[in-house]
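*Asks:* model this:
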Amino acid sequence: MYIISFFFFFIEAASRISMNVLNVKDLNFLFPYFVAGEFLLLVILFIRKLALPQYLYVPMIMLAAFFLLDTGMVANEVKK
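*Replies:* Numbers count the residues shown, from 1 in each chain. So this is what the prediction gives:
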């Protein structure tokens, strides 16, 4: 459960540092990391809670990586 707290802390810290220290106005670059991290955390929790086989981690990690790699399409769809 500490992983979830650290993930939210680092996302919030990255957004605060970007806004206050680096004077960034647009925080859309954090969106793919947030989505991929949330998806990965939820999948890990479900796999552990339901006692599913360990090999299910591999396709879920690959899917989370797809969320990170597909940032151009996701950002364009959100901005519409």
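
*Asks:* Does Phe7 touch Val35 like I think?
*Replies:* No - between Phe7 and Val35 there is no contact under Cβ atoms under 8 Å: 12.0 Å. For glycine as for every other residue, the C-beta is placed from the backbone atoms N, C-alpha and C.

*Asks:* what's the average pLDDT for the host helix or strand of Phe34?
*Replies:* Using DSSP states H and E, Phe34 maps to helix 31-49. Helix 31-49 carries an average pLDDT of 82.

*Asks:* now do stretch 59-78
*Replies:* Mean per-residue pLDDT for stretch 59-78: 69.

*Asks:* Please enumerate the helices of this structure.
*Replies:* For the chain, applying DSSP state H gives helices covering 2-20, 31-49, 57-69, 71-79.

*Asks:* In JSON lines, list the ones you listed along with mean neighbour count.
*Replies:* Converted to JSON lines, the helices of the chain look like this (neighbours: other Cβ atoms under 10 Å):
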{"stretch": "helix 2-20", "mean neighbour count": "12"}
{"stretch": "helix 31-49", "mean neighbour count": "15"}
{"stretch": "helix 57-69", "mean neighbour count": "13"}
{"stretch": "helix 71-79", "mean neighbour count": "11"}
